[in-house]
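Visitor: please work out how this folds:
(chains A and B)
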Amino acid sequence: MPLFEPFAHYLAYLATDQETFRGLRGLYDGVLVPGTIAAWQRQGTGGFVLSLSATEASPPYVIDSRFPLFQQSLPAAKQSHIALAEIFEDPELVRDTIEPVVGDFPDERLRQYAECWLAFNRAYGQSSVEKFDKYAARLGEEALHPDNAQTPEAILAPYFVASGASDPWWERAKLMFDYTQAAAGQLTCLRVVAAQDVYALDELLADIEDTHVVVWVSGLDEHKAPVVKLSAYRSSLQAAQTRGQRIFALYGGFFSVLQATAGLTGAAHGVGFSEHREWRELPQSGAPPARFYIRRWHRYAPRDLAQTLWEADRTLCECNCEHCGGRSPNEMDYHDLMKHSVFCRQQEIEEWRDRSVDEATESLTAEYETSSNRIQGLMLLPAVKARALELVSHLPNWAVALKSP
Amino acid sequence: MSPAREALIQRHIEVLRSSRDGEAALLPYLIGWLISTGRIRHRTLVAYEVPWLGRRVDLALLDSRGTTSAFELKLGGIQRVLEQASYNGLSFHRSWIVVGSRPRQNALDWVRRLGLGLILVRRPTVVLLARPRGDQPGPVVAKRVRSAISARAAVIP
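Guide: The predicted model follows:
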């Protein structure tokens, strides 16, 4: 299964990223389609994802149910939330004020959700092809036929977020998985273990006997997380590896790539952002502005700041990939910024996946020392210098966490 | 001042009549000064709260020769707008800071070092403290800035 072939690089789909998906075929291994988008932009998303899956490269795809949306009240529910609830044939899943409790999800409802989700996945290849030809033409492959469209690589069962093995939500999550698996028959069905925080992950993974698992640690921001959290994440992955479990992460940045040495087989990320996600929906005012991926620090930076650094010391963030062509961050348009970021991640995977822990640690530490010294020596406004130093502050944390336990 | 400039000031002041709160209170005096000194002419596009790289530039001008200017306004301390203005200087031909009180020497040093313009508005007086260094952003960036100003120019705060 491609999800578990190290190191699997999946991209989370968003309609605005179609150009990146098209232009970079071969630089990612698969597509993660958020259930909200699959449900709300059903024909557009289906047409695009399915036409992509019908190409010779045919990247596999899976659909994430995003079910924890319904584990909370949604006072500002979006159309996509409502559309997703309709997939589960239960509009009451969307509650505007009252916080759902475990008792709201009795066995029969879980069985219904499992069956609805399975039916949606099974039918996805046939029921979402109205716009197939339009997207096939955009791929420049008009000879594609909807019959060649693939079904999802596996069924990602709906799930709840849990704080530990004794959390009643975990028992519900396990039951919903059992129902999904029973309904799936011969189809591959994967469990998504969603941990409320990093400390719950090991306990949850140890409580199941699955050999292949998809994980999501809510809000694990690899750049801001303290060493203790990063270490806990790595320890959980190592323990899973010892138990013979193969793990794919729903969200992850470069630190996740480094976890190949702890047994992580792959990770997905959004194009341009979304390397982590909180399970509780936060009020948002549209997509974040496009940022520039600074490869040597393995992270995005606001374009203003990246441009400032580029002008002060070009070696810090210069890139000569085909998408940058040596241009400054401000000169690049949105799609080039996105393509550059995906290209960089794939390059990072190829360059780092076979490095030992010692080699990776050494590289990260050396990069931190070089870059922080250079930044300190630049004539920058104090506030700008502080921001620039913040951009490298995760590197020593990553190095220490890699060495744990 | 020529009658034409006076009429232009009147037109802008009418638009800005409701700008009484916070930094916006500086705008009528600033606009009057920009017109009286010839920095805003009849064909100059004037745009407020211009979206740029995920931020908003308080005031931006695009003159008939394609020169772009950004203005960040601040009543109090200027550390934050120094940063914003330094970023604006990467994309606009001229980057200005407009303040309601005289900055400290340290801030003035940074204004000069970064090549920013500095205007002090002590209502109703407006004083030019520093002229901006003229920058030459790349053609692609300059074109995008012009588009952003043009798209916003009709919007009144």
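Visitor: for the residue in the stretch 151-300 of chain A that chain B sits nearest to, helix, strand, or coil?
Guide: At 2.9 Å from chain B, A:P289 is the closest residue in the stretch 151-300 of chain A, using CB to the nearest CB. In short, each C-beta sits where N, CA and C put it, glycine included. Three-state call for A:P289 (DSSP: H, G, I helix; E, B strand; the rest coil): coil.
Visitor: what's around the closest residue to it other than its chain neighbours, how many residues?
Guide: Nearest non-adjacent residue to A:P289, counting by CB to CB, 6 or more residues apart in numbering or on different chains: B:G54, 2.9 Å away. A count of nearby residues for B:G54, using other CB atoms under 10 Å in any protein chain shown, gives 12.
Visitor: got the end-to-end distance for stretch A:206-213?
Guide: Stretch A:206-213 has its terminal residues 11 Å apart, counting by CA to CA, to the nearest Å.
Visitor: hmm, I typed the wrong one, I wanted stretch A:235-254.
Guide: Stretch A:235-254 has an end-to-end distance of 17 Å (CA to CA).
Visitor: what does stretch A:9-28 give?
Guide: End-to-end distance for stretch A:9-28, by CA to CA: 5 Å.
Visitor: ok now that stretch, how far from the chain's centre?
Guide: Averaging C-alpha positions (CA atoms, centre = their mean, to the nearest Å) puts stretch A:9-28 12 Å from its chain's average.
Visitor: report the buried residues of it.
Guide: For stretch A:9-28, burial by neighbour count (16 or more other CB atoms under 10 Å in any protein chain shown) applies to A:9-14, A:17-18, A:20-22, A:24, A:27-28.
Visitor: now it: mean pLDDT?
Guide: Mean per-residue pLDDT for stretch A:9-28: 86.
Visitor: likewise for stretch A:92-107?
Guide: The average pLDDT within stretch A:92-107 is 95.
Visitor: list the buried residues of that stretch.
Guide: So, applying 16+ other CB under 10 Å, buried residues of stretch A:92-107: A:93-95, A:100, A:105.
Visitor: out of these, the closest to chain B would be?
Guide: When these are compared against chain B (criterion: CB to the nearest CB), the nearest one is A:V94, at 30.3 Å.
Visitor: which ones are touching residue 81?
Guide: Unless you meant another one, I'm taking chain A. Shown in contact with A:H81 (CB atoms under 8 Å, 6 or more residues apart in numbering or on different chains): A:36, A:69, A:74, A:94.
Visitor: switch to chain B, please.
Guide: By CB under 8 Å, 6+ apart, the contact set of B:V81 is B:72-74, B:97, B:99.
Visitor: same question for A:L156.
Guide: Neighbour list for A:L156: A:62-65, A:190, A:192, A:214 [criterion: CB under 8 Å, 6+ apart].
Visitor: nearest to A:V257 among those residues?
Guide: A:V214 (16.7 Å; CB to CB).
Visitor: chain A contacts on chain B?
Guide: Residues of chain B found near chain A (CB under 8 Å from any CB of the partner chain) are B:53-55, B:79-80, B:82-83, B:86-87, B:90-91, B:110, B:113-114, B:137-138, B:140-141.
Visitor: and the residue of chain B that's closest to chain A?
Guide: B:G54 (2.9 Å).
Visitor: and A:L337, how close does it get to chain B?
Guide: A:L337 sits 11 Å away from chain B, taking CB to the nearest CB, to the nearest Å as the criterion.
Visitor: same question for A:Q79.
Guide: From A:Q79 across to chain B, the span is 25 Å (CB to the nearest CB).
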